[in-house]
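> Need coordinates for the following:
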Amino acid sequence: MGFPTSVKDHPIVQQAVHRLNDLGDPRFGQTLVRCLDDTLARTIRPMPDGTAFVVTGDIPAMWLRDSSTQMMPYLAILQDNTALHDLLLAVLHRQFQQIARNPYANAFNAEPSGQAHDTSDLCEDPWVWEEKYEVDSLAFPLLLAHRFWAATGRTDHIPGTLRTARTVISLWRTEQDHERLSTYRFRRQDGPPSDTLQCAGRGTPVTRTGMTWSGFRPSDDACLYGYNIPANLCAAAALDGAAELAHHVRDMELAEDAAQLAAELRAATMRHGTVHYPEFGLMYAYEVDGNGNTLLMDDANMPGLLSLPLVANIPATDAVYLATRRFALSPANPTWHRGTAAEGIGSPHTPDEHIWPIAIAVQGLTSNDSTEQITALKTLISTDAGTGQMHESFHKDDPSRFTRPWFSWANAMYAELALDIAGLGTRPLWALHR
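Numbers count the residues shown, from 1 in each chain. Down below sits the predicted model:
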């Protein structure tokens, strides 16, 4: 199967480049084309069964979350482009296969090669690269499937989407009562504490709240407390989309089940996952356990608190979100850094005082202030260390000190921001339920 390897001549991409050139720096448009084409040319592997395997960059595995975000910018340019339609469908069908194989896994191999991030893991499935259970790994393919339908009107992927939704709903309901019902365990013998789960692989104790439990964060670091707030809100949004697709094909039982679980997650999050912060007011915590323990921070990885308007059907004008945003973009957030090169959110997953380009792009994408958006774009260009691509993170004072030279998710987020600034992005697809 031949998938596209370049979109540089696509009319919408060319229009975006022209509009970005009007901002006075040709690197804006050049980097947009480079990021879009790099994903197509270097990360996509056509498979014999007609699906597509997508590496995340310099790691030879396919992450459910990363592969979804890598595809998101192309939703803006799907019109009259059958080859891109076929690519996104192939990625979705691969994701559906992977979730059916092991819904607790976050990353997979292209073949049953037995390759793994660490062979000391409990999982022995040769198809699985890593079995770190992350709520968002199940949410993102459902988000992509719904947005693909919204962008194209195509329905040939809906049966697979709804089969996957049933699997996901069953697992998320199990993990609403993690202590009593879950059989999931994750232990890793070597490495830092963030790479394994405490309590013999069960994770730190939680009390049932109505939220669904997650072993790991979108950063692939272990949750300190088992209820990750942005992941639960992202899950609710994924269920919104599944409910709409189910309703579209008149599967009313599934539509009602998805809508009910989404309502449960949102209600529990508001009840147990918000705090009154003296400086900012009512805002979201990052993690809680239902036992009174609360973690106040944000993480650059999506879904994070800053990214809620992009992934959780929460308006950027929502009062609780705005309070949370003020916290996340301030010194009160322990992962926020300000340096001579940039300011922004980092992650405990990377070295201290490192800022993530993903978070800078998210800051622009969740802002309605054109000055803030363009500042974010300029910051991304000025901190790429002359490589023309986005990295995982860079030091706040020295962008030449960066992690991961090839990180396709970060490239996708640059493309999302650049297209949005050009007025040609995917923002309408994020706002379908508002």
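
> In the protein, where is pLDDT below threshold?
Where the chain drops to pLDDT under 70, the residues are 1, 430-434.

> and if we set it to 90?
For the chain, residues meeting the criterion pLDDT under 90 lie at 1-2, 79-80, 117-122, 189-191, 427-434.

> what separates the spatially most central residue of it from D318, distance-wise?
Among the residues of the chain, the one closest to the centroid is M302, at 4.0 Å (Cα atoms, centre = their mean). To D318, M302 is 17 Å away according to Cβ to Cβ, to the nearest Å. Placement of C-beta: from N, CA and C, glycine included.

> re earlier: so the residue nearest to the centre of the chain makes contact with V311?
Yes. Between M302 and V311 there is a contact at 5.9 Å, judged by Cβ atoms under 8 Å.

> what sits in contact with each of those two?
Shared contacts of M302 and V311, defined by Cβ atoms under 8 Å, 6 or more residues apart in numbering, are found at P230.

> which other helices and strands contact the biggest strand by length in the chain?
Looking across the chain with DSSP state E, the single longest strand is strand 398-403. Other elements packing on strand 398-403 under the criterion 3 or more Cβ pairs under 8 Å, 6 or more residues apart in numbering; DSSP states H and E are strand 393-395.

> how distant is the strand it packs on from the center of its chain?
Offset of strand 393-395 from its chain centre (Cα atoms, centre = their mean, to the nearest Å): 19 Å.

> Adjacent strands (with direction) for that strand?
strand 354-355 (antiparallel), strand 398-403 (antiparallel) (DSSP bridges).

> a markdown table please, covering those and showing mean neighbour count.
Output for the strands paired with strand 393-395, formatted as a markdown table (neighbours: other Cβ atoms under 10 Å):
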| stretch | mean neighbour count |
| --- | --- |
| strand 354-355 | 26 |
| strand 398-403 | 17 |
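
> okay, those strands in CSV with distance to T69 next?
Converted to CSV, these look like this (distance: least, Cβ to Cβ, whole Å):
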stretch, distance to T69
strand 354-355, 18
strand 398-403, 18
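
> Mind checking those strands for the one nearest to L20?
Proximity to L20 (Cβ to Cβ) singles out strand 398-403 among the strands paired with strand 393-395, at 21.0 Å.

> Packing partners of the next helix or strand after the closest one?
Sequence-wise, the next helix or strand downstream of strand 398-403 (DSSP states H and E) is helix 408-421. When contacts are defined as 3+ Cβ pairs under 8 Å, 6+ apart, helix 408-421 sits against helix 11-21, helix 26-42, helix 64-71, helix 357-365, helix 370-382.

> what about the strands paired with strand 393-395, which gets the closest to N232?
strand 354-355 (25.9 Å).

> what's next to that closest one, contact-wise?
300, 337, 339, 342-347, 383, 393-396, 401, 403.

> then the strand or helix carrying E244 to PDB, C-alphas only?
Assigned by DSSP H and E, E244 falls within helix 229-248. C-alpha atoms of helix 229-248 as PDB (Å, rounded to 0.1, in the frame of the first residue of the first chain):
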ATOM      1  CA  ILE A 229      -7.300  14.200  36.700                       C
ATOM      2  CA  PRO A 230      -6.500  15.300  33.100                       C
ATOM      3  CA  ALA A 231      -6.500  11.600  32.000                       C
ATOM      4  CA  ASN A 232     -10.000  11.100  33.500                       C
ATOM      5  CA  LEU A 233     -11.300  14.300  31.800                       C
ATOM      6  CA  CYS A 234      -9.700  13.200  28.500                       C
ATOM      7  CA  ALA A 235     -11.400   9.800  28.900                       C
ATOM      8  CA  ALA A 236     -14.800  11.500  29.400                       C
ATOM      9  CA  ALA A 237     -14.200  13.400  26.100                       C
ATOM     10  CA  ALA A 238     -13.300  10.100  24.300                       C
ATOM     11  CA  LEU A 239     -16.500   8.600  25.600                       C
ATOM     12  CA  ASP A 240     -18.400  11.700  24.300                       C
ATOM     13  CA  GLY A 241     -17.100  10.900  20.800                       C
ATOM     14  CA  ALA A 242     -17.900   7.200  21.100                       C
ATOM     15  CA  ALA A 243     -21.400   8.000  22.200                       C
ATOM     16  CA  GLU A 244     -21.900  10.200  19.200                       C
ATOM     17  CA  LEU A 245     -20.700   7.600  16.800                       C
ATOM     18  CA  ALA A 246     -22.800   4.900  18.500                       C
ATOM     19  CA  HIS A 247     -25.800   7.200  18.200                       C
ATOM     20  CA  HIS A 248     -25.000   7.900  14.600                       C
END
